[in-house]
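Participant: Provide a 3D model corresponding to the input given below.
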Amino acid sequence: MKIRDIKHWATERISQTILYAMVGVSILVFILFWTIGYNRPYIDDPNFNDPLLTSTLIVLMWIMLITALATTVWSIASTLKKRGKAQRIENGIPVKKISYGVIIGTLALLTLTNVFASTKPMHINGTVYSDTFWLRISDMFVNTSIAMIIMAGAAVIFCGWRNRKLHRKEGKDDFATQA
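Facilitator: From the prediction side, this is the model:
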């Protein structure tokens, strides 16, 4: 297929192409960052490096962040618009309850990690960072990410254990016979 036929591409192919493009651009920028002017000394303190392409890396991260936020908002809005009130249950699965549960759970987790976030000043490379707002926000995102990774791992373990238990109950001891 050609690029101009993108309207006829499967969703999986579009997302796969976007993923490969993002990974390719990220790898390219990081390779350039580490290889071109990385050992350039910082003017104010020659003990530190001042990589030449730091601003390029920061711009790439901002572009990816803004794109991710815009895609998230667009995805939520289009899903809610398409679903409406008609499709609350699909194939016996309460998709609307799950969607709202994930949204509310994520917002609750962000709120909790923000409330309990540390505002203790940090000393990094001889500089004191004491802005309580940014300390709280960064701690919130780090702790939320850790909590979500732990919850995802627990869900994988629980579902694997549950599926194994159900297969043993049905008399299927290994997953090879499942196919």
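Participant: contacts, neighbours, all on C-alpha from now
Facilitator: Will do.
Participant: tell me where the chain has helices.
Facilitator: For the chain, applying DSSP state H gives helices covering 11-35, 54-83, 95-115, 132-169.
Participant: need those helices in a markdown table (columns: mean neighbour count and mean pLDDT).
Facilitator: Shown next, in a markdown table, are the helices of the chain (neighbours: other CA atoms under 10 Å; pLDDT from 0 to 100):
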| stretch | mean neighbour count | mean pLDDT |
| --- | --- | --- |
| helix 11-35 | 13 | 91 |
| helix 54-83 | 12 | 88 |
| helix 95-115 | 14 | 90 |
| helix 132-169 | 14 | 92 |
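Participant: save the ones you listed as TSV, and put in distance to residue 124 too.
Facilitator: Shown next, in TSV, are the helices of the chain (distance: least, CA to CA, whole Å):
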stretch	distance to residue 124
helix 11-35	21
helix 54-83	18
helix 95-115	22
helix 132-169	13
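Participant: what's the closest of those helices to residue 42?
Facilitator: helix 54-83 (12.1 Å; CA to CA).
Participant: counting by contacts, list what the closest one packs against.
Facilitator: Applying 3 or more CA pairs under 8 Å, 6 or more residues apart in numbering; DSSP states H and E, one finds that helix 54-83 makes contact with helix 11-35.
Participant: so what touches the helix it packs on?
Facilitator: Applying CA atoms under 8 Å, 6 or more residues apart in numbering, the contact partners of helix 11-35 are 6, 51-54, 56-57, 60.
Participant: what comes into contact with stretch 138-151?
Facilitator: So stretch 138-151 is in contact with 109-110, 113-114, 117-118, going by CA under 8 Å, 6+ apart.
Participant: tell me which two of those sit farthest apart.
Facilitator: Among the contacts of stretch 138-151, 109 and 118 lie farthest apart (CA to CA), at 15.4 Å.
Participant: residues near residue 116, how many?
Facilitator: Residues near residue 116, counting by other CA atoms under 10 Å, number 12.
Participant: tell me how far it lies from residue 151.
Facilitator: From residue 116 across to residue 151, the span is 19 Å (CA to CA, to the nearest Å).
Participant: then stretch 48-55 to PDB, C-alphas only?
Facilitator: The C-alpha trace of stretch 48-55 is given here as PDB (Å, rounded to 0.1, in the frame of the first residue of the first chain):
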ATOM      1  CA  PHE A  48      29.800  19.900  34.000                       C
ATOM      2  CA  ASN A  49      28.900  19.100  30.400                       C
ATOM      3  CA  ASP A  50      26.700  21.400  28.200                       C
ATOM      4  CA  PRO A  51      25.600  19.100  25.400                       C
ATOM      5  CA  LEU A  52      25.100  20.900  22.100                       C
ATOM      6  CA  LEU A  53      21.700  19.300  21.300                       C
ATOM      7  CA  THR A  54      20.100  19.600  24.700                       C
ATOM      8  CA  SER A  55      17.500  22.100  23.300                       C
END
